[in-house]
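Q: Coordinates only, no sequence provided:
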C-alpha cells in the first residue's frame, strides 16, 4: 500500500506549518493574499499568490520535455487568484539550475508565456539563477508569482454561502501539479512512469476565462459567484472546506462525474487506498464554484462540461463525500 506520507510528503505537518504562518501574519489566509490599496480610496485590493510545479518536474527531466511545465507554473498561481474574484495582471518567475541550457530554457519560458496568455497576464520579469553544485546536471526548479486586482466590493470569500446553495465542478485536465511524489512512488516501482509520462505531463488547466465568463453571465441576472475553491494538494476535502462558513457543510456527490482513467491506473499500480486518493488528488475536478440554486441553469449553459456535484447543507464546516 502506497500513501502520500510514505512517498515523503506529510500533509498534516504542512497544515500545521500553515496554521503557524497564519498566526504570525493576519494577512495570510485563503487561496491568495489581499492588500487593500489606500491610494484607491478603499475601492481596490491587490491580490498575490506564489507556487511551483513540484516534483512533476522530475517527469520533465526524465522525458526531456520542458514545453508544458511553464503553463503549470502560471496555472497554479493564477487559479488561486481567481478564488478571491481577482483578475490576474502580472506574472514573475524564478528559474534556477546548475548550468543554463539555452535550448531547454527557451522551451520553459515559452510555456510560461503560453500560461500567461491563457491567464490574461503579462510576464513582467523574473530571475534566472545558475547555481553550480546545488542542482543535479539537467535539473532545475521553478517558482512563480502572480499579482492581480479586485474591487473591494467584488471580493469572493465564501461568506455568503448558505444551506441550499449548489456546488458546480469544473473538470481538471488530469493531476494538475499536485501529488507527483505519490504518483512517482506508485508507478516507479512498476516501471510505468515512462509509459504514462506524456499523459502525466498534461499541463494544469487555467480557469481564468471560465470564471470571467461565468461571473459576467450571472451578473447580467443580478447574481454572482458565492465561493470558489481551487482543488490542489489535499484534494476536494482539504480545499473546499476553506470557503465554507462555520454553519455549513458541503455534501459532494462523487458519482456526479467520472474520475480520469489515469488516476485509477496510478491507484491500482500503487495499491493506494480510496480515501488517500481523495485526500491527495483532485480526482477530476480542478475548480469548484458555489452558486445560488437559481443560478445553476445559467452557469451550466456558460460553463461547457461543468456539472452539479453537490450542495450546501447545515453543518459545521465539513466536506462530506458521498
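A: Happy to help now that I have it. Not measured: the values here are computed from a predicted model.
Q: Break the protein into its domains for me.
A: Listed by automatic domain parsing, the domain ranges of the chain are 1-24+157-322, 31-155.
Q: for the record, mean pLDDT for the last one?
A: The predicted model gives domain 31-155 an average pLDDT of 97.
Q: Tell me which stretches of the stretch 201-322 of the chain form strands.
A: Assigned by DSSP state E, counting those that start in this stretch, the stretch 201-322 of the chain shows strands spanning 227-230, 248-252, 285-291, 307-314, 319-321.
Q: The domains of the chain into TSV, with extra columns for mean neighbour count?
A: In this view, the C-beta of every residue, glycine as well, is placed from N, C-alpha and C. Shown next, in TSV, are the domains of the chain (neighbours: other Cβ atoms under 10 Å):
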stretch	mean neighbour count
domain 1-24+157-322	18
domain 31-155	19
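Q: after the helix or strand harbouring residue 96, next one along is what?
A: Element membership for residue 96, per DSSP states H and E: strand 87-97. Of the helices and strands lying after strand 87-97 in sequence (DSSP H and E), the nearest is helix 102-119.
Q: Centre of the chain to that next one, how far?
A: Offset of helix 102-119 from its chain centre (Cα atoms, centre = their mean, to the nearest Å): 19 Å.
Q: Residues contacting that helix, please?
A: Contact with helix 102-119 is made by 66-75, 78, 88, 91, 93, 95, 97, 122-123, 128, 140, 142, 144, 146, 203, 206, 208-209, as judged by Cβ atoms under 8 Å, 6 or more residues apart in numbering.
Q: okay, the angle between that helix and strand 87-97?
A: Helix 102-119 and strand 87-97 are oriented at 170 degrees to each other (axes from the mean of the first three to the mean of the last three Cα atoms, to 10 degrees).
Q: Tell me which strands the helix or strand following helix 102-119 pairs with, and in which orientation.
A: For helix 102-119, the following helix or strand on the C-terminal side (DSSP H and E) is strand 122-130. Strand 122-130 has its sheet partners listed here by DSSP bridges as strand 87-97 (parallel).
Q: Figure out how far the strand it pairs with is from the centre of its chain.
A: Offset of strand 87-97 from its chain centre (Cα atoms, centre = their mean): 16 Å.
Q: got it, and stretch 32-47?
A: Here stretch 32-47 is found 23 Å from its chain centre; the criterion is Cα atoms, centre = their mean.
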